[in-house]
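Trainee: Pasting the sequence and the predicted coordinates here, then a few questions.
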Amino acid sequence: MKVLLLNGSPRENGCTARALKEVETTLNNEGINTQTIAIGNKAIRGCIADGNCRKTGKCIFNDLVNEIAPLFETSDGIVIGSPVYYAGSNGSLISLLDRLFYSTPFDKTMKVGAAVLSSRRAGSTSAFDEINKYFTISSMPIVSSSYWNEVHGFTAEDVEKDAEGLQTMRNLGRNMAFMIKAIRLGKEKYGLPKAEHENFTSFPDGLR
């Protein structure tokens, strides 16, 4: 069992990294293997909607997105961490997620997902919603905790003082480990739920 953690902060050892480390340590203690990748300081362009990925199964831009894709495919869950900018996530992270989720043809059903945010004071809940939408459109259960998955601080040292925030990260890690194990048992006994994909409504008749 494995979880992929993405650090969307340009500061590899900042607040977001500290929060993710607490989740990672807890997952490891629960018997879950982890891999963390820092992407916030990489140059990642947005999707250009060329449709090439529908033919090749990978993004036309051969960068970090295509490197992460096979790691995501073989993972049981993913944790996406971001600092909060103007009540939203890091722009490079969003560009990566747009392309990663759209260009990968593999089934993401019942992979579990979690968003982790760090902010100095506010704006984290809207960024939290922004990331969670990638999971809810992909049949991925969202992992919750004892509070919204966020820590507060301007530096990693500040986060060390956020006792409740770090507690939330540990509870998140334990909940994620439980869900991964429970889903694995469910898949072995019942298989994955049936998914219908026959209908695609684009309102070509001009429905209002």
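Mentor: Happy to help now that I have it.
Trainee: hey, where'd the strands end up in the chain?
Mentor: Assigned by DSSP state E, the chain shows strands spanning 2-7, 33-38, 77-83, 112-119, 150-152.
Trainee: residues making contact with the helix or strand of the chain with the lowest mean pLDDT?
Mentor: Between all helices and strands in the chain, the lowest mean by mean pLDDT, DSSP states H and E belongs to helix 53-56, at a mean of 93. Here helix 53-56 makes contact (C-beta atoms under 8 Å, 6 or more residues apart in numbering) with Cys59, Ile60, Tyr102, Ser103, Pro105. Quick note: C-beta positions are derived from backbone N, CA and C, even for glycine.
Trainee: Show me those that map onto helices.
Mentor: Members of the contacts of helix 53-56 lying in helices (criterion: DSSP state H): Tyr102, Ser103.
Trainee: ok, which pair from the contacts of helix 53-56 is furthest apart?
Mentor: Spatial extent of the contacts of helix 53-56 (C-beta to C-beta) is set by the pair Ile60 and Pro105 at 14.3 Å.
Trainee: neighbour count winner among the two?
Mentor: Neighbours were counted for Ile60 and for Pro105 using other C-beta atoms under 10 Å; Ile60 has more, 16 against 12.
Trainee: Please tell me the pLDDT value assigned to that one.
Mentor: The model reports Ile60 with a pLDDT of 94.
Trainee: swap in Gly40?
Mentor: 83.
Trainee: likewise Asp129?
Mentor: 97.
Trainee: and it, what is it in contact with?
Mentor: If a contact means C-beta under 8 Å, 6+ apart, then Asp129 has no contacts.
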